[in-house]
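A.B. asks: What follows is a predicted protein model with its sequence.
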Amino acid sequence: MRDDESLALDPARTPTTARPAAPVTAAEPVQNTAAGLVPDRTGTAPAAAPAPAGGLAGNPWLRRLVVAGLVLAALNLRPGITSLGALLKEVRDGLGMSGTMAGLLTSVPSACFALFGFAAPRLARRHGPGAVVCVGMAAVTAGLALRPLAGNTAVFLALSALALGGIAVSNVLMPVIVKRYFPDRVGAMTGLYSMALSLGTALAAAVTVPMTHAMGHGWRLGLGVWAAPAAVAVVPWLALFRDRTGAPPATASRKGAAAVNTDAAVNTAAALRSDAARAADGGHGRITGSRTAWALACFFGLQATAAYITMGWMPQIFRDAGLSADKAGLLLAVTMVMGVPLSFVLPPLAARMRAQGPLVVLLGAFGLVGYAGLWAAPAAAPWVWALLLGIANCAFPLALTMIGMRSRTGAGVVRLSAFAQSTGYLISIPGPILVGTLNQASGGWGLPIAFMIALMVPQIVCGVLAGRRRHIEDEL
């Protein structure tokens, strides 16, 4: 489904006071807007319908505030992870960590994303996604500010988990907020926040080590400084804490919002009522009954495994190959910065394609070549390997885009986002731990990198299956 194709409304959204209009045929695309469903009889992408008074279209400042909130949050969703990867050797020495414990530390992001990701949709339904992201960014700020003060590994892990829990709920709700506030621009807005996420990731990887050296107070200050931009990211979400403008009209009506009724909206919503009812109650079953949801969860999990192994261990691989800490950090930054332009290009491109399998295969091929080079001669062409792995890591924005395309409804995207991301992060937990254990057992990086190469094959297979033109509602 393209980001401008039909989205069925929940029954509660259906307006009740209007006379029926002429039926809309199955060949006529329908656009979901804040005002309702408007049929397009031209055969092209439908024009936006008028939004309700007080909606995003009527309040450009609110639109800008949401965009600012998305960008600032995305910029702070990875520095807490990549800054640690750049200083992992110093942190291990300072806290006395073994290789297995360091592997556990690099798996904490996945564990937190899985644990807190399952809770995110329920919290969003109860308190609103803006409130949940606001609290999440506050938790990120607190965790990043306090963990450098930890005197032992256990406390460091606990405070890292606090920050990562905030990152997790915000991470899961980003596609939900895009679908909620920008239903007609899913691809473009996904690309924007994915680009900001990649930029924040690369910036932390590039500047953490030289900044730590320049400040002269060791790894603790080098990690703690990233709490400052996280605090800035809280500000726009404070203003959006109680905003329900992007909420479904049924929710907005409880807040006194006026309903906007049109003949076409009534007729189309009635025609799609049974589909919407199935979406609301789970589509005649649990989301675990959808093969597409499982394929997407496995694809997400395997690409997350590769990403967190890269963020956590790649600088150490280069340092053990004889490169300096500064250069290893810059190489990680090159890997991460590739997501900036590609995250802006890939989601809109994927949204226009009937199936995303070719993109999955292409990214996987770059990953296989990059890992092979890292295995054979890490110091021979490190910039090339970093570049190739950076392209491969852009499977993340592709997976996010597919989440938005594999359901017909906003409610379906919430459920699919929570399931695919939380299950995917559960799948990704063992990978970084196993890499650390294999490195410690073998005394080198040949076996761990061979393991990473092997994981790329099922990632490609699952991505091709998840990229087929399917909707989870049709499988439940």
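C.D. replies: Looks like it came in fine. Here the structure is a predicted model, which is why all the values come from computation and not from measurement.

A.B. asks: Please export the C-alpha coordinates of stretch 192-209 as PDB.
C.D. replies: The C-alpha coordinates for stretch 192-209 follow below in PDB (Å, rounded to 0.1, in the frame of the first residue of the first chain):
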ATOM      1  CA  LEU A 192      12.600  13.100   7.600                       C
ATOM      2  CA  TYR A 193      12.800  11.500  11.100                       C
ATOM      3  CA  SER A 194      14.800   8.600   9.900                       C
ATOM      4  CA  MET A 195      17.300  11.100   8.400                       C
ATOM      5  CA  ALA A 196      17.400  12.900  11.800                       C
ATOM      6  CA  LEU A 197      17.900   9.600  13.600                       C
ATOM      7  CA  SER A 198      20.900   8.700  11.400                       C
ATOM      8  CA  LEU A 199      22.300  12.200  11.800                       C
ATOM      9  CA  GLY A 200      22.200  12.000  15.600                       C
ATOM     10  CA  THR A 201      23.700   8.500  15.500                       C
ATOM     11  CA  ALA A 202      26.600   9.600  13.300                       C
ATOM     12  CA  LEU A 203      27.300  12.800  15.200                       C
ATOM     13  CA  ALA A 204      27.600  10.900  18.500                       C
ATOM     14  CA  ALA A 205      29.900   8.400  16.900                       C
ATOM     15  CA  ALA A 206      32.100  11.000  15.300                       C
ATOM     16  CA  VAL A 207      32.600  13.600  18.100                       C
ATOM     17  CA  THR A 208      32.400  11.600  21.400                       C
ATOM     18  CA  VAL A 209      36.000  10.500  21.500                       C
END
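
A.B. asks: now that stretch: how far from the chain's centre is it?
C.D. replies: 14 Å (Cα atoms, centre = their mean, to the nearest Å).

A.B. asks: Looking at that stretch now, give me its mean pLDDT.
C.D. replies: Across stretch 192-209, the average pLDDT comes to 84.

A.B. asks: With stretch 86-94 instead?
C.D. replies: 82.

A.B. asks: Kindly format the C-alpha coordinates of that stretch as PDB.
C.D. replies: What follows is stretch 86-94, C-alpha atoms only, in PDB (Å, rounded to 0.1, in the frame of the first residue of the first chain):
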ATOM      1  CA  ALA A  86      32.900   4.700  20.800                       C
ATOM      2  CA  LEU A  87      34.100   4.600  24.400                       C
ATOM      3  CA  LEU A  88      33.300   1.000  25.100                       C
ATOM      4  CA  LYS A  89      37.000   0.000  25.800                       C
ATOM      5  CA  GLU A  90      37.400   2.900  28.300                       C
ATOM      6  CA  VAL A  91      34.100   2.000  30.000                       C
ATOM      7  CA  ARG A  92      35.100  -1.700  30.200                       C
ATOM      8  CA  ASP A  93      38.400  -0.800  31.800                       C
ATOM      9  CA  GLY A  94      36.800   1.700  34.200                       C
END
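
A.B. asks: Pretty sure Thr437 sits against Met101.
C.D. replies: No. The pair Thr437 / Met101 is not scored as a contact, 10.2 Å apart, by Cβ atoms under 8 Å. Every residue, glycine included, has its C-beta placed from N, CA and C.

A.B. asks: secondary structure class for Ala379?
C.D. replies: Counting by DSSP: H, G, I helix; E, B strand; the rest coil, the backbone at Ala379 sits in coil.

A.B. asks: and the closest residue to it other than its chain neighbours, backbone torsions?
C.D. replies: Using Cβ to Cβ, 6 or more residues apart in numbering and skipping the chain neighbours, the partner closest in space to Ala379 is Ala321 (4.3 Å). When quoted as degrees, to the nearest 10, the phi and psi of Ala321 stand at phi -80, psi 0.

A.B. asks: Check the one 3 residues further on too.
C.D. replies: Taking degrees, to the nearest 10, you get phi -70, psi 160 for the backbone angles of Ser324.

A.B. asks: pLDDT value on it, please?
C.D. replies: 88.

A.B. asks: ok, it to His213 distance?
C.D. replies: 11 Å (Cβ to Cβ, to the nearest Å).

A.B. asks: what is in contact with the two at once?
C.D. replies: Counting by Cβ atoms under 8 Å, 6 or more residues apart in numbering, Ser324 and His213 have no contacts in common.

A.B. asks: isn't Trp445 right up against Ala377?
C.D. replies: No. Here Trp445 does not reach Ala377: they are 11.7 Å apart, not a contact under Cβ under 8 Å.

A.B. asks: Would you map the strands across the stretch 351-476 of the chain?
C.D. replies: Ranges of strands in the stretch 351-476 of the chain, per DSSP state E, counting those that start in this stretch: none exist.

A.B. asks: residue ranges of the strands in the stretch 1-150 of the chain, please?
C.D. replies: So, for the stretch 1-150 of the chain - with DSSP E, counting those that start in this stretch - the strands run 30-33, 36-39.

A.B. asks: How many residues are close by Asp93?
C.D. replies: Using other Cβ atoms under 10 Å, Asp93 has 10 other residues around it.

A.B. asks: now Arg354
C.D. replies: 10.

A.B. asks: Make residue 1 into 251 and carry on from there
C.D. replies: Noted, 251 is the first residue going forward, which turns the last one into Arg604.

A.B. asks: Report the separation between the closest residue in space to it that isn't next to it in sequence and Ala556.
C.D. replies: Once flanking residues are discounted, Arg604 sits nearest to Arg719: 5.3 Å by Cβ to Cβ, 6+ apart. To Ala556, Arg719 is 25 Å away according to Cβ to Cβ.
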